[in-house]
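Enquirer: With the sequence up front, the predicted model follows.
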Amino acid sequence: GNSVTQMEGPVTLSEEAFLTINCTYTATGYPSLFWYVQYPGEGLQLLLKATKADDKGSNKGFEATYRKETTSFHLEKGSVQVSDSAVYFCALSDQTGANNLFFGTGTRLTVIP
Amino acid sequence: ETGVTQSPTHLIKTRGQQVTLRCSSQSGHNTVSWYQQALGQGPQFIFQYYREEENGRGNFPPRFSGLQFPNYSSELNVNALELDDSALYLCASSPGLPSSYNEQFFGPGTRLTVL
């Protein structure tokens, strides 16, 4: 079956620190991988995605590389800002059947000035 | 362009009651999916509607049902509410065929509390 395992939170970092949030997955076939972000009081927003092995998704300084050999899609950012404080979800779509997403449990990031 | 909207924002019900949640999809989007997000968890897929028909369902009992209307808006109905149904319910819409696996756009959610 499909599943996503995310690094346990919460994560607290100082502004300008380096961020890594680990994500590994189990899937049948060739999934697409996503990172979503949920700011307080708002819905989920797509942060970045990768649709095949070795693809790198990037947006707003965040990056993640689709690693088929390690079934991973770790999220990284070189220098976090206070405005990056949010909950981050790793997700996959197995590209079969309904267009539905399988999510990890989320990692809460707090960035302090 | 209006994004995905959901109503109501918050709702409190008691065990055994029934509830209806509503979602208006983003303009031009004909596929709507519903997710349940329990506190501290990631969203879980409930079901998806495409052109007014159910196009897939997650591991949820039949007391979770839905509808999609000709204007692509959607309802989620939950009968015989249980305490574990307390969660944030998210609606997401996407354009085109479900088999195109286009990006899903999420609404802000409805927070349901069952007492």
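Expert: Nice, thanks for sending it over.

Enquirer: List the contacts of residue 105.
Expert: Using chain A. Shown in contact with A:Thr105 (CB atoms under 8 Å, 6 or more residues apart in numbering or on different chains): A:Gln6, B:Gly40, B:Gln41, B:Gly42. For the C-beta atoms, the positions are set from N, CA and C on the backbone; glycine is no exception.

Enquirer: wrong chain, I was asking about chain B
Expert: Contacts of B:Phe105 by CB under 8 Å, 6+ apart are A:Leu46, B:Gly3, B:Val4, B:Gln26, B:His29, B:Ala92, B:Ser93, B:Ser94.

Enquirer: Correct me if wrong: the second one contacts B:Ser24.
Expert: To tie it back to what came earlier, the one meant is B:Gly3. No. The pair formed by B:Gly3 and B:Ser24 falls short of the contact definition of CB atoms under 8 Å, at 9.2 Å.

Enquirer: Which one of the two is surrounded by more residues?
Expert: Neighbours were counted for B:Gly3 and for B:Ser24 using other CB atoms under 10 Å in any protein chain shown; B:Ser24 has more, 21 against 15.

Enquirer: and the more buried one, what pLDDT?
Expert: pLDDT recorded at B:Ser24 is 96.

Enquirer: Quick check: it vs chain A, distance?
Expert: Distance of B:Ser24 to chain A, computed by CB to the nearest CB, to the nearest Å: 13 Å.

Enquirer: Quick check: beta-bridge partners of the residue most central in space within chain B?
Expert: Taking CA atoms, centre = their mean, the centroid of chain B lies closest to B:Trp34, which sits 3.0 Å from it. Applying DSSP bridges to B:Trp34 gives these bridge partners: B:Phe47, B:Cys91.

Enquirer: Contact partners for it?
Expert: Contacts of B:Trp34 (CB under 8 Å, 6+ apart): B:Cys23, B:Phe45, B:Ile46, B:Phe47, B:Gln48, B:Gly66, B:Ser74, B:Leu76, B:Tyr89, B:Leu90, B:Cys91, B:Ala92.

Enquirer: who in chain A is up against chain B?
Expert: Contact residues, chain A versus chain B (CB under 8 Å from any CB of the partner chain): A:4, A:6, A:32, A:36, A:41-46, A:49, A:89, A:91, A:93, A:95, A:97-106.

Enquirer: still on that earlier bit, dump the contacts of B:Phe105 to a markdown table, plus secondary structure and distance to A:Glu16.
Expert: Shown next, in a markdown table, are those (DSSP: H, G, I helix; E, B strand; the rest coil; distance: CB to CB, whole Å):
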| residue | secondary structure | distance to A:Glu16 |
| --- | --- | --- |
| A:Leu46 | strand | 25 |
| B:Gly3 | coil | 32 |
| B:Val4 | coil | 34 |
| B:Gln26 | coil | 35 |
| B:His29 | coil | 38 |
| B:Ala92 | strand | 34 |
| B:Ser93 | strand | 37 |
| B:Ser94 | strand | 36 |
